[in-house]
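Student: sequence and predicted model, in that order:
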Amino acid sequence: MTKSQTERLEAVQCRALKIIFCYSSSTSYLTTLELVGILSFQARRLDLSKRFFRNICKPDNCLHHLLPPPGDLAVTSRLRKPTVYPRPSLGTKRYCSAVSYALLNFQ
């Protein structure tokens, strides 16, 4: 999803909360989210993406074959930012796949 699409969906959620809970404009959107006990659209989306990546990392997952082979633990454990899988080098993030995005951001 693009940033503008995410912002529009967040605005829809904000508007729905205003209608459902009849809060005034003086109450902030984040305060209302806390009172209701839900996360923002962006936070929920990030959480779901992280859980999806953790599931792919399990060897019995049907999408596990999409991941590159793991790096050598003897080498990666001595790095400042150790990662299990090698980070892909991308020229642009525009057409980045979900797996490449997860390898870059969730390890």
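Tutor: Structure's in. What do you need? Predicted model, so just to flag it, every value in this text is computed and none were measured.

Student: output the lowest mean pLDDT helix or strand found in the protein.
Tutor: helix 73-76 (a mean of 74; mean pLDDT, DSSP states H and E).

Student: buried residues, it. List them.
Tutor: The neighbour-count criterion (16 or more other C-beta atoms under 10 Å) identifies no buried residues in helix 73-76. In short, each C-beta sits where N, CA and C put it, glycine included.

Student: distance from that helix to the middle of the chain?
Tutor: Distance, stretch centre to chain centre, for helix 73-76: 27 Å (C-alpha atoms, centre = their mean, to the nearest Å).

Student: any chance you could list what contacts the longest helix seen in the chain?
Tutor: Longest helix of the chain, by residue count under DSSP state H: helix 3-21. Residues outside helix 3-21 that contact it (C-beta atoms under 8 Å, 6 or more residues apart in numbering) are 1, 23, 29, 32-33, 35-36, 40-42, 45.

Student: grab the most central residue of this protein for me.
Tutor: Centroid-nearest residue in the chain, with C-alpha atoms, centre = their mean: Leu46, separated by 2.5 Å.

Student: if anything else comes up later, I'll come back, but that's it for now.
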